[in-house]
Structure formats: C-alpha cells, structure tokens
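>>> Okay, sequence plus prediction incoming.
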Amino acid sequence: MSFTLIQQATPRLHRSELAVPGSNPSLFEKAAKGAADIIFLDLEDAVAPDDKEQARKNIIQGLNDLDWGSKVMMIRINGLDTHYAYRDVVDVVENCPRLDMILIPKTGVPQDVYAIDMLVTQIEQYKKREKRIGFELLIETALGMANVEAIAQSSKRVEAMSFGVADYAASTRARTMGIGAPHPDYGILADKEGDGPRAYYWNDPWHYALSRMMVACRAYGLRPIDGPFGDFSDPDGYTAAAKRAAVLGFEGKWAIHPSQVELANKVFTPSEAEVTKAKRIVAAMKQAAKEGKGAVSLDGRLIDIASIRQAEALLNKAAAMGM
C-alpha cells in the first residue's frame, strides 16, 4: 500500500442515474416515484435554447415542491462556454436547499471545475447552506480524457465521473452506430488457416476510454459511472453494456429512459451469492487475525488484505441497498 492515502468521496448509492429534461416538468413526479438512485434534472442537451430560462424555473419549483424521498438530486448545468451556466448555478443553488449535486458537462481541464467550485462556495457561504454540494464531472471530449487524472484531483467537491460517449465520439471523430453501441467495423479477423472462412470478432470501441476514466476515479477516490445507451428499445443491449461496465469496476450507469432504471439497478446490485461470499471472506480474515496469520485460504483460494478490502466494499454497498 502506498504511503499516499486518498480520501474517498462522499458515499452515495449510485447504481442508476436518471436523466430528466428540465423543460418537461410533467416527468418530475414520475421520476420522484421511480427507483432511480440519482436523478439529474437537465438544463443542457435536453433543453432547447429558447426553453433554458423556463426549464430553470421548472427545476427550482420541482426541487422545492415535490417529495423526492431519499434520492440524490442533481442538476446538469449548461457548458461553461455558454452564457447560461452561471445563472444555472446561481439561481438553483441559491433557491434549492434540496439540491445535492451538480453535473458539470464537457469538463476539459481542472480549471473548469475550479470555476464552478468558486461560485458554489460563495453561494453556500452567503446562503449559509448546511448541506455541501458535490460534483459529478462529465468526461465527454478528447480534451477531458487527456486531462482526466488532473481533473479527478481538481476539487474536494468531486464525487464521481461519468463517461459521455456521444459527445466523446463526436470529439474524437469516431464512427458510431448509436449512442454507446458497438460498431461492426471495429473488430479483428482470426488467423488465416487454409481456404476456409475466417472468424470475425467484434471489439469494444469504448473500452480504452472507459478503463482510463475508471482508473482515474479509483485512484482518487471517486465513483466511476457509465454514461448513456441511446436505444431504450433494446434492453438486452443496455444490459450488456451495463454488465461490461460493472466488470470493469463501475458503480452505475445512466438511464435516459425510465425503463432502463431497473436494468441498471439489477446489474449493479450485488447478488446474494456475492454477499454471502464476502461475509465468509471477512469472517475468515478475522479468524486469521486472531491466529496471527496475514493470509488464509478459503475454498482452495488464497485470501489476503486485498481480498478483504474488496469484500468490505461490497458489503458496504449491500448495506446501503438494504440487503
């Protein structure tokens, strides 16, 4: 273990993150009654320029008037290159004690985060807010990915990063078939053997970006969150993408449609078998500690301090889900 210890971000249940357009307040109550862990009320891409101001008013009223229960409530502000962003922050943060987090789009350099941090800090001091607002950062440009490690360290408010595959694809000029989907041209041929047909294997064009962002998050104590899957009529495709992210170490995934929420919750909820195994690992390590052992075997496999950290993290997540 390195002598450098990284403080972990504020823990929150973050299996599913539902996007709700701020310009359509009729969807707010349905979202409040749904099963999403985190809801972000959108002021950016889902809102036309002429509707920005009204969407901001809708969000303020919705955050103040509706019962959102224990959900984490977040807004996605407009980009820092627009004249909407500062009013998004000032108007909503000043008037909505219920707000938990801000989602900063197209984060490209640490200074982007610094700018919003400064503004939010002044508002919190002025309004004497008791609840500190956290940040989630959208990594969705080549610039953001190139600076992702520095961005991860940019502010104590940063809790999570999410991968915005659509804008990332546009930024890198990638050829895409759909938001978050694979591409049939991104693959390899098996070795040539004789004159028979050669097998063709699809690859994942987003693997590098997902892995790099995930490593930055885990290195600096943040939650890595997978972004949108555009075809909400394809639950199998969404589930496959979510499982891929979960295997890599992600904690959750966006849902751009309510039908995707339960899919995300299922994928990112530990199974009973995983919880049982984690409990057995913790118990075995406690017994080993009593006996003065640094490692122990369980079911024919070595368990060490790394194993117990993984088991404890899983049990903490399970406890947050009421398992």
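Happy to help now that I have it.
>>> Just the strands from the stretch 201-323 of the chain, written as ranges.
223-226, 252-255, 296-298, 301-303 (DSSP state E, counting those that start in this stretch).
>>> Which residues does the second one contact?
This points to strand 252-255. Outside of strand 252-255, the residues within contact range by Cβ atoms under 8 Å, 6 or more residues apart in numbering are 14-19, 36-38, 162, 223, 225-229, 241-242, 245, 260-261, 263-264, 267-268. (C-beta placed from N, C-alpha, C; glycine too.)
>>> switch to 7 Å and redo it
14-19, 36-37, 162, 225-228, 242, 245, 261, 264, 268 (Cβ atoms under 7 Å, 6 or more residues apart in numbering).
>>> Among those, name the ones in helices.
Applying DSSP state H to these, the entries found in helices are 242, 245, 261, 264.
>>> The strands of the stretch 201-323 of the chain: which one's closest to residue 102?
Smallest distance to residue 102 across the strands of the stretch 201-323 of the chain (Cβ to Cβ): 14.6 Å, for strand 223-226.
>>> chain center to the closest one, what's the gap?
3 Å (Cα atoms, centre = their mean, to the nearest Å).
>>> And that strand, what does it pack against?
Under the contact criterion of 3 or more Cβ pairs under 7 Å, 6 or more residues apart in numbering; DSSP states H and E, strand 223-226 touches strand 158-163, helix 207-219, helix 235-248, strand 252-255.
>>> Now that strand: average pLDDT?
Averaged over strand 223-226, pLDDT sits at 97.
>>> And stretch 103-112, by the same measure?
pLDDT averaged over stretch 103-112 gives 98.
>>> Also stretch 280-289?
What stretch 280-289 shows for mean pLDDT is 81.
>>> residues in contact with that stretch?
295, 296, 298, 303, 307, 308, 311, 312, 315.
>>> List just the nearest of the residues you listed to residue 279.
residue 315 (6.9 Å).
>>> Check whether the closest one really touches residue 278, as I assumed.
Yes - between residue 315 and residue 278 a contact is recorded at 5.1 Å, counting by Cβ atoms under 7 Å.
>>> quick one: contacts for residue 269?
With the criterion set at Cβ under 7 Å, 6+ apart, residue 269 makes contact with 15, 321.
>>> switch to 10 Å and redo it
13, 15, 16, 246, 275, 317, 318, 321, 323 (Cβ atoms under 10 Å, 6 or more residues apart in numbering).
>>> what about it, distance to residue 24?
29 Å (Cβ to Cβ, to the nearest Å).
>>> Could you do residue 166 as well?
To residue 24, residue 166 is 20 Å away according to Cβ to Cβ.
>>> same thing with residue 115?
Distance of residue 115 to residue 24, computed by Cβ to Cβ: 29 Å.
>>> Report the beta-bridge partner residues of the most centrally placed residue in the chain.
Closest residue to the average C-alpha location of the chain: residue 225 at 2.2 Å, with Cα atoms, centre = their mean. Bridge pairing for residue 225 (DSSP bridges) gives the partners residue 162, residue 252.
>>> got a list of what it touches?
14-17, 38, 136, 138, 159-163, 213-214, 217, 245, 250-254, 264, 268.
>>> one more time with 8 Å
14, 17, 136, 160, 161, 162, 163, 250, 251, 252, 253, 254.
>>> Just give the number of residues close to the first one.
Other residues near residue 14 come to 24 when the count uses other Cβ atoms under 10 Å.
>>> for the fifth one, same thing?
Other residues within reach of residue 161 by the criterion other Cβ under 10 Å amount to 26.
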